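> Build me a model from this:
(one chain, ligands or ions: 1)
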Amino acid sequence: MVYDSAIIGTGAAGISAALNLKVHEKNFIWIGSKELSSKISKAERIFNYPGLPGVSGEELCRAFLAQIKEMDIAITERMVTSVLPMNGHYVLMAGADFYEAETVILATGTAAVHTLPGEQELLGQGVSYCATCDGGLYRGRTVAVICGSARFEHEARYLAQLAADVYYLPQYRMERTFEQENITIVSGKAAEILGGERVSGVRLDDGSILKADGVFCLRDSIAPGTLFSDLKMENGHIAVDRSMAASLPGVYAAGDCTGRPYQYAKAVGEGNIAAHSVIEYLEA
Ligand SMILES: Cc1cc2nc3c(=O)[nH]c(=O)nc-3n(C[C@H](O)[C@H](O)[C@H](O)COP(=O)(O)OP(=O)(O)OC[C@H]3O[C@@H](n4cnc5c(N)ncnc54)[C@H](O)[C@@H]3O)c2cc1C
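From the prediction side, this is the model:
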């Protein structure tokens, strides 16, 4: 099935886009997290969102979730790892699954994802963003997992079923450990991904080196420039016009990923515009 649209991201911008596409009865898929966005739930108090003075992030998150449920909008809990143009529409790769859509709304949050030295150079040569897609390449071998969120711990468990050894580098405060004996939790920050033709390991900020055949970088977002191979960027953000159109036909962007100010109200407004632009594009 080819959807009318695919929204990537479940923050304020994605929510606004989804509500508007739903109101206009478009057939769309919405990919992200069922917990929406940590940038909503973690805000202590929000004083500049119209109509809800001093609302806490948790309260706002609950209100958004209730509205999504009330409007019967589903979230597909996946991480999109790449988007490819194909015969006038787009194919979104997410783990072992793929989805096809006429249009794409990128609502992925701050675009300036910090990548490690060596990461871009070795992408596809041992660096991967998706355990489900590439785990099978490391059967019986050693991998390192640089993980930005507890949300992806299951990916390390999956890798441990295939690889001989897994070095797990949590770049967040870990609250529980793994039951599998072949996972070694390594404290310290990853500083560089090492390798020549292919990955050879990871250098930590204390100078120590972990040897690995593959490195999985699992984060809450992937830089849009990595998602799409030829999307025009400006100062680390997706370049858009006033209709929120990005540089590829049928691709729109909204929220923090298009630039400052990083604010809920801007994200909601841009999500709204992007959805309406998608509707016009489909009609044209
Ligand atoms: C602690 C804190 C307090 C804040 N307080 C305020 C405030 O008081 N007022 C204000 O206006 N703003 C505030 N902000 C800023 C506000 O949170 C952001 O501007 C807003 O969340 C941007 O929304 P967004 O939808 O663009 O992105 P985000 O909220 O970052 O959402 C993006 C979502 O997309 C998902 N995603 C990204 N890439 C992919 C992918 N490849 N596949 C699937 N999903 C993906 C992410 O996991 C995330 O869930 C605060 C931010 C923080 C961190």
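> and the residue of the stretch 101-250 of the chain found nearest the ligand, how many residues sit next to it?
At 2.5 Å from the ligand, residue 109 is the closest residue in the stretch 101-250 of the chain, using CB to the nearest ligand atom. (Each C-beta comes from the backbone N, C-alpha and C, glycine too.) Close neighbours of residue 109, defined as other CB atoms under 10 Å, add up to 25.
> what about residue 242, how many neighbours?
7.
> how about it, secondary structure?
coil (DSSP: H, G, I helix; E, B strand; the rest coil).
> Around the ligand, which positions in this structure sit nearby?
Counting by CB under 6 Å from any ligand atom, the chain comes close to the ligand at 8-14, 31-33, 37, 39-40, 42-43, 46, 48, 79-80, 107-109, 220-222, 255-256, 262-265, 267.
> rerun at 5 Å
Within the chain, the positions near the ligand by CB under 5 Å from any ligand atom are 8-13, 32-33, 37, 39, 42-43, 46, 79-80, 107-109, 220-222, 255-256, 262-264, 267.
> Using the record's assignment, carve the chain into domains.
Following automatic domain parsing, one gets these domains for the chain: 2-112+221-283, 127-218.
> tell me the most buried of those domains?
Mean neighbour count (mean count of other CB atoms under 10 Å) peaks for domain 2-112+221-283 among the domains of the chain, with a mean of 19.
> for the stretch 1-150 of the chain, what spans make up the helices?
Assigned by DSSP state H, counting those that start in this stretch, the helices in the stretch 1-150 of the chain fall at 12-23, 38-41, 57-70, 131-134.
> and the ones you listed as CSV, adding mean pLDDT?
Converted to CSV, the helices of the stretch 1-150 of the chain look like this (pLDDT from 0 to 100):
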stretch, mean pLDDT
helix 12-23, 98
helix 38-41, 86
helix 57-70, 97
helix 131-134, 80
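> Could you export those as JSON lines, including distance to residue 142?
Below are the helices of the stretch 1-150 of the chain laid out as JSON lines (distance: least, CB to CB, whole Å):
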{"stretch": "helix 12-23", "distance to residue 142": "36"}
{"stretch": "helix 38-41", "distance to residue 142": "31"}
{"stretch": "helix 57-70", "distance to residue 142": "39"}
{"stretch": "helix 131-134", "distance to residue 142": "14"}
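> List the contacts of residue 12.
Neighbouring residues of residue 12 by CB atoms under 8 Å, 6 or more residues apart in numbering: 37, 40, 64, 255, 264, 267-268, 271.
> Out of those residues, the closest to the ligand would be?
Nearest member of those to the ligand, counting by CB to the nearest ligand atom, is residue 255, at 2.2 Å.
> which non-adjacent residue is nearest that closest one?
Spatially, and ignoring its direct neighbours in sequence, residue 255 is nearest to residue 13 (2.8 Å; CB to CB, 6 or more residues apart in numbering).
> Kindly report the same for residue 148.
residue 219 (4.0 Å).
> Since that was my last question, I'll sign off now.
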